[in-house]
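1. Quick check, what structure comes out for this input:
(chains A and B, ligands or ions: 1)
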Amino acid sequence: MPDKETHSDATQELPTTDPYPNSRVFTWLDDRLGLSHPIMGKAFPEDDYGSFLLGEIALFTFVILALTGTFLGMLYQPSAEAVTYSGNALSYAGTEVPGAFASVLNITYDVPFGMFIRMVHHWGAYLFVAAIGLHMFRVFFSGAYRNPHEPNWFVGSGLLLLALVEGFFGYALPFDNFSKTATVIGFQMTGTIPVLGTKMQLLLFGGEFPANASSVLPRMFFMHVLLLPGLIVGLIALHMAILMRQKHTEHAPSSREGPHNYLEKDDDTYVAGIPLFPQQFLVTIIVFLLTAATLSFLAGFFPVQRIAILGPADPTSTPSHVGPDWFFMWVFGALKLVPSSMGAFGRFIGGVAIPTVMIGAMVIWPLVDNEDEPVHFAADPLDRPLQTAVGVGAIMLVVTMSIAGMQHTVAEVIGMSKQALYPWLVALNLAVPTLEALAVYALLKRRQARLGGGSATTADTGASAGTPATDDD
Amino acid sequence: MAEHDPEPELDEPIYEEQEMTRRQVAKTLTAVSGAAAIGGFTVDAIAGLSTAGSLAAEKAGGPVYVEGTRLVTEKGDPITVDSLAPDEAGSMTVFPEKEGGGAVVSARSTTILMRFPEGDYEKPTNVDGTAKGYVAYSAVCTHEGCAVGAKDGKIHCPCHQSIYDPLSGAEVTGGPAPRALPQLPLGVADDEDGTLVMATGPFEGPIGVSH
Ligand code: FES
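-> A predicted model of the protein is given here:
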């Protein structure tokens, strides 16, 4: 609601002009920039779980990705031509490797702090996707996508997709044997799209891969460092503009309990929370520093994607435990689950149709579960059996599909042949998400009946709720 | 409406209506020309970018083997009848020989050569295309184009675990691959380098992924 007023404890108490008369810096800036703009008082919802900070973590991870990416982009060479590597990585010293691979070896083993910054970038990519995913879980389960917030759900979904595509192109750039395989698969999957497939292959990749890697790598590099980040920046700006315009959803009216003295607990004509400046600003700085610290820690102690072990792209071989980054494992699983008997069409089903339907369902969900009246308070997931069951089932499906994606490893760990495992994986994917969703639905319905019954027939349920037998339920 | 109501606002609705119409025309023209400009640039860009790609893509086509192409290792050493032991279901990765020596090493030219006892082959293997127990298939998986490898007498794809049976024409026996690997017909011929294995024609089907 654009016409809604923003109030908060602090802004109500603060004088409207010159809140820091003793700070010469503030006064100097304030005289020139008019810092006492109402935007400084924008209310951020109070949140006992920190779940409202997940979006901020995603934002700061993007900032860190852009900074580390700038460093890497200046040293990387998108070239498939063979060059002689002469650097510290002993197993490749003096050998001919593709230029891209050589430049990443160089960044990793020869440039001071190169390894660290590359690992921060790699972990940053993981955290970026993870934080967006968790942020969307929060929005989904608390019903924060409902009227009037649907537009921001669409923009946010777009950001998730762009983050995934960024991950795909970034994975391709080192041109090691894993990334070559992933790019071949992505290239071939694109080709299964009816009518547009070949056009899109040429547009996105710029030629057959890996045969024309020397024209494909520069295009993927350009998309990874300019086109896609530009789109992401644009969508982030839109995401925040919409958020400013609409205000945050607030926790259920219970968040207004405590020392505050609000007129109406469930009055949605105003927003309660802490102001952007200075309180939320400090929280934000802490979130940024913690994000940077976490990424530095992971990069320092858990280097991932050790390029020297994977080896340079070799068009004639595919490594035996090949797989994509974790956030594409579910698509990799979909490719494996489609049976051979479906022929070439099955490739389209597994690689394009299934992921598109799943992502599409996610995007349009606010139109499926819509409300006529605007809702400004977050819901308790336990009060929404259907939506929570759908969400839990969908997350479980992504998990089971990812397990199917790791078929090779699963088969080795449980000592079964890959062929014998296949029917189990199909069953797992069909049964577990469905059963879990049904179980969640049944449990929450039961809870609702118990609580609802409690208010309707106070005496009956009130009495039985006290007995141990009911507690066990 | 205005005719039946000659009182104060007689001229206003007419004036308003005209103004709105003009404005609407202007808006429509702006929208159309804006869309045409953006659309024109977009079409140009997409056409240009994807054509540049298609020129490059054509280089990858064409047959890999022709009749009489010798099979060589990645280093270019010719394959002789003794390269693999007769009864061990052994395998190796081979390539077509380049004109003037060496190997044509690319994804599409990668070939998997196996040797089984001569009588073991079943339909739909092209038995005439086997020679002295040798059989050769394209190493490009028909699913998404990974490079397959041989293990325990079968051909496996490491990407999505497709399995092909080399004794029955590389038919798919497991996994998502939609069709068999194309077979390369083989023959043997004597040469100054010994008794060599060579192709008697191109692959008997499209290489790798086909739509
Ligand atoms: S590429 Fe071989 S099974 Fe998918």
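2. In contact with the closest residue to the ligand within the stretch 201-350 of chain A, which residues are there?
-> Per Cβ to the nearest ligand atom, A:Leu335 is where the stretch 201-350 of chain A lies closest to the ligand, at 6.2 Å. No exception for glycine: its C-beta is placed from N, CA and C like everyone else's. Contact analysis of A:Leu335 by Cβ atoms under 8 Å, 6 or more residues apart in numbering or on different chains lists A:Ile185, A:Met189, A:Arg347, A:Gly350, A:Gly351, B:His143, B:Glu144, B:His160, B:Pro176.
3. Secondary structure element holding it?
-> According to DSSP states H and E, A:Leu335 maps onto helix A:329-337.
4. chain center to whatever helix or strand comes next after that helix: distance?
-> Toward the C-terminus, helix A:329-337 is succeeded by helix A:343-348 as the next helix or strand (DSSP H and E). Taking Cα atoms, centre = their mean, to the nearest Å, one finds the center of helix A:343-348 at 29 Å from the center of the full chain.
5. avg pLDDT for helix A:343-348?
-> The average of the pLDDT scores along helix A:343-348 is 87.
6. Name the SS class of the spatially closest residue to B:Gln183 that is not a sequence neighbour, please.
-> Excluding the flanking residues, the one nearest B:Gln183 by Cβ to Cβ, 6 or more residues apart in numbering or on different chains is B:Glu204, at 5.1 Å. Under DSSP: H, G, I helix; E, B strand; the rest coil, B:Glu204 falls in the coil class.
7. Now B:Glu204: phi and psi?
-> Main-chain dihedrals, B:Glu204, degrees, to the nearest 10: phi -90, psi 40.
8. tell me the contacts of it?
-> With Cβ under 8 Å, 6+ apart as the criterion, the residues that contact B:Glu204 are B:Asn126, B:Gly129, B:Pro182, B:Gln183, B:Leu184, B:Pro185.
9. residues in contact with the first one?
-> Yep, that's B:Asn126 we're talking about. Neighbour list for B:Asn126: B:Gly169, B:Gln183, B:Pro185, B:Glu204 [criterion: Cβ under 8 Å, 6+ apart].
10. Return the members of these classed as buried.
-> Buried members of the contacts of B:Asn126, counted by 16 or more other Cβ atoms under 10 Å in any protein chain shown: B:Gly169, B:Gln183, B:Pro185.
11. And the strands in the chain?
-> No chain specified, so I'll use chain A. A:5-6, A:43-44, A:82-84, A:96-98, A:270-271, A:274-275 (DSSP state E).
12. should've been chain B
-> Assigned by DSSP E, the strands in chain B fall at B:71-72, B:90-96, B:111-115, B:134-138, B:149-151, B:154-156, B:163-165, B:171-174, B:183-184, B:186-191, B:194-199.
13. Turn those into a markdown table, including distance to the ligand and mean pLDDT.
-> Shown next, in a markdown table, are those (distance: least, Cβ to the nearest ligand atom, whole Å; pLDDT from 0 to 100):
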| stretch | distance to the ligand | mean pLDDT |
| --- | --- | --- |
| strand B:71-72 | 23 | 93 |
| strand B:90-96 | 16 | 92 |
| strand B:111-115 | 13 | 95 |
| strand B:134-138 | 12 | 95 |
| strand B:149-151 | 11 | 91 |
| strand B:154-156 | 9 | 94 |
| strand B:163-165 | 9 | 94 |
| strand B:171-174 | 9 | 92 |
| strand B:183-184 | 17 | 96 |
| strand B:186-191 | 24 | 88 |
| strand B:194-199 | 24 | 88 |
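14. how about those in a markdown table, adding distance to A:Ala58?
-> A markdown table is the format used below for the strands of chain B (distance: least, Cβ to Cβ, whole Å):
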| stretch | distance to A:Ala58 |
| --- | --- |
| strand B:71-72 | 53 |
| strand B:90-96 | 45 |
| strand B:111-115 | 45 |
| strand B:134-138 | 44 |
| strand B:149-151 | 40 |
| strand B:154-156 | 39 |
| strand B:163-165 | 41 |
| strand B:171-174 | 40 |
| strand B:183-184 | 51 |
| strand B:186-191 | 57 |
| strand B:194-199 | 55 |
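15. For A:Leu67, which of the ones you listed is the nearest?
-> Closest approach to A:Leu67 among the strands of chain B (Cβ to Cβ): strand B:149-151, 41.3 Å.
16. So that closest one, near chain A or not?
-> Yes. Using Cβ under 8 Å from any Cβ of the partner chain, strand B:149-151 reaches chain A at B:Gly149.
17. Direction included, what does that strand pair against?
-> Paired neighbours of strand B:149-151 in the sheet (DSSP bridges): strand B:154-156 (antiparallel).
18. List the contacts of the strand it pairs with.
-> Residues outside strand B:154-156 that contact it (Cβ under 8 Å, 6+ apart): B:112, B:114, B:137, B:148-150, B:162-166, B:170, B:173, B:181.
19. what about the closest residue to the residue of the stretch 201-350 of chain A closest to the ligand other than its chain neighbours, how many neighbours?
-> Excluding the flanking residues, the one nearest A:Leu335 by Cβ to Cβ, 6+ apart is A:Gly350, at 4.6 Å. Residues near A:Gly350, counting by other Cβ atoms under 10 Å in any protein chain shown, number 26.
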